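Q: For reference, the sequence and a predicted model appear below.
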Amino acid sequence: MTTTYAAYENEFKGKRALITGGTKGMGYAIVKRLAGAGATVLTTARTIPADYDIPGVHFSQADITKPEGTALLVDAVQEKLGGIDILINTVGGSSTPPGGALALTEDDWLTAFNLNLFGSVRLDRNLLPMMVAQGKGVIIHVSSIQRKMPLYETTLAYAAAKAALTNYSKGLSKEFSPQGIRVNTIAPGFIQTEAADRMIDRIATVAGSREAALQELMNSLGGIPIGRPGLPEEVAELAAFLVSDRAASITGSEYVIDGGTVPTV
């Protein structure tokens, strides 16, 4: 299933954007959306792809879960963009073992928080001074609906880190919005990225078909009222709105994009 949106041609012309994790999934879709509307985009990957198909995008090979990776990326922002107007941090994920809270080691917790919280904190701390100096900027942190409905069996550390990210983002917005810098979070539910497709394929070997595997995954979240996962392009369109001048009075907010998965207000 593919969705096509209006490109809002030149909406971001003259804007300089750093989008982490921009070679796959939601990050790739956001890079494509902003670059297609005129932004000068720098993105990151641990390994730079040989067949990237979005023209004009700058790359920095960096691991933002480590301080030295952040330092490399800050240098790249200065060198390749000459400053920054938009920061969107999409990097995140979970690699902890199943088995509940007692199955998680000290290293599991540290890894989850480095990937899902501290990477954003480091980048913000290094790039916010540039935004403050120019009196404007927009930051988007990609959180997760699991901050509200943690899956304790498999992703408890991830959910806790995302809850901290949302809380941190709110505090950041209170401090820096008076200086012209808007900070918001996006909380996706089940988004059908390449990683999700690989998971569906693995489950399908047991469930019998991709359709059964997809339904099993949706059921594990309590169901998705619209009947399907979200698409990376839909997250990208939300991100594009939030960093645009059309959202000039929106800050300190979290936008859930989950097809109605979260059952509470």
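A: Structure received.
Q: Now for this structure, the helix or strand with the poorest mean pLDDT.
A: Sorting the helices and strands of the chain by mean pLDDT, DSSP states H and E puts helix 194-207 at the bottom, at a mean of 87.
Q: export that one as PDB, just CAs?
A: What follows is helix 194-207, C-alpha atoms only, in PDB (Å, rounded to 0.1, in the frame of the first residue of the first chain):
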ATOM      1  CA  GLU A 194      11.000  -2.600   6.600                       C
ATOM      2  CA  ALA A 195      11.800  -3.900  10.100                       C
ATOM      3  CA  ALA A 196       8.100  -4.500  10.800                       C
ATOM      4  CA  ASP A 197       7.900  -6.400   7.500                       C
ATOM      5  CA  ARG A 198      10.800  -8.600   8.500                       C
ATOM      6  CA  MET A 199       9.100  -9.400  11.800                       C
ATOM      7  CA  ILE A 200       5.900 -10.200  10.000                       C
ATOM      8  CA  ASP A 201       7.800 -12.600   7.800                       C
ATOM      9  CA  ARG A 202       9.300 -14.400  10.800                       C
ATOM     10  CA  ILE A 203       6.000 -14.700  12.500                       C
ATOM     11  CA  ALA A 204       4.400 -15.900   9.300                       C
ATOM     12  CA  THR A 205       6.600 -19.100   9.400                       C
ATOM     13  CA  VAL A 206       4.600 -20.100  12.500                       C
ATOM     14  CA  ALA A 207       1.300 -18.300  11.900                       C
END
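Q: Need the contact partners of that helix.
A: Residues outside helix 194-207 that contact it (Cβ atoms under 8 Å, 6 or more residues apart in numbering): 24-25, 93, 190, 210, 212-214, 216-217, 229. Glycine gets a C-beta too; all of them are placed from N, C-alpha and C.
Q: What segments of the stretch 151-265 of the chain are helices?
A: Ranges of helices within the stretch 151-265 of the chain are 156-176, 194-207, 210-220, 232-243, based on DSSP state H, counting those that start in this stretch.
Q: same check, this time on the stretch 1-150 of the chain
A: Ranges of helices within the stretch 1-150 of the chain are 25-36, 67-76, 106-113, 119-134, based on DSSP H, counting those that start in this stretch.
Q: can you redo the ones you listed as JSON lines with mean neighbour count, mean pLDDT and distance to I203?
A: JSON lines is the format used below for the helices of the stretch 1-150 of the chain (neighbours: other Cβ atoms under 10 Å; pLDDT from 0 to 100; distance: least, Cβ to Cβ, whole Å):
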{"stretch": "helix 25-36", "mean neighbour count": "25", "mean pLDDT": "96", "distance to I203": "18"}
{"stretch": "helix 67-76", "mean neighbour count": "17", "mean pLDDT": "95", "distance to I203": "33"}
{"stretch": "helix 106-113", "mean neighbour count": "16", "mean pLDDT": "95", "distance to I203": "23"}
{"stretch": "helix 119-134", "mean neighbour count": "18", "mean pLDDT": "97", "distance to I203": "29"}
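Q: G222 is nearest to which of these?
A: Ranking these by their distance to G222 (criterion: Cβ to Cβ) puts helix 25-36 first, at 21.8 Å.
Q: and stretch 218-231, how far from the chain's centre?
A: Using Cα atoms, centre = their mean, to the nearest Å, the distance from the centre of stretch 218-231 to the centre of the chain it belongs to is 19 Å.
Q: list the buried ones in that stretch?
A: Neighbour counts using 16 or more other Cβ atoms under 10 Å place 218, 221, 224, 229-231 of stretch 218-231 among the buried residues.
Q: and what of stretch 91-110?
A: In terms of neighbour count (16+ other Cβ under 10 Å), stretch 91-110 has its buried residues at 91-92, 94, 96, 104, 108.
Q: Tell me which two of these sit farthest apart.
A: Spatially, the most separated pair among the buried residues of stretch 91-110 is V91 and L104, at 20.5 Å (Cβ to Cβ).
Q: re earlier: just give me the closest of the buried residues of stretch 218-231 to G38.
A: L231 (22.8 Å).
Q: The closest one against Q192, yeah?
A: Yes - using Cβ atoms under 8 Å, L231 is in contact with Q192, at 6.2 Å.
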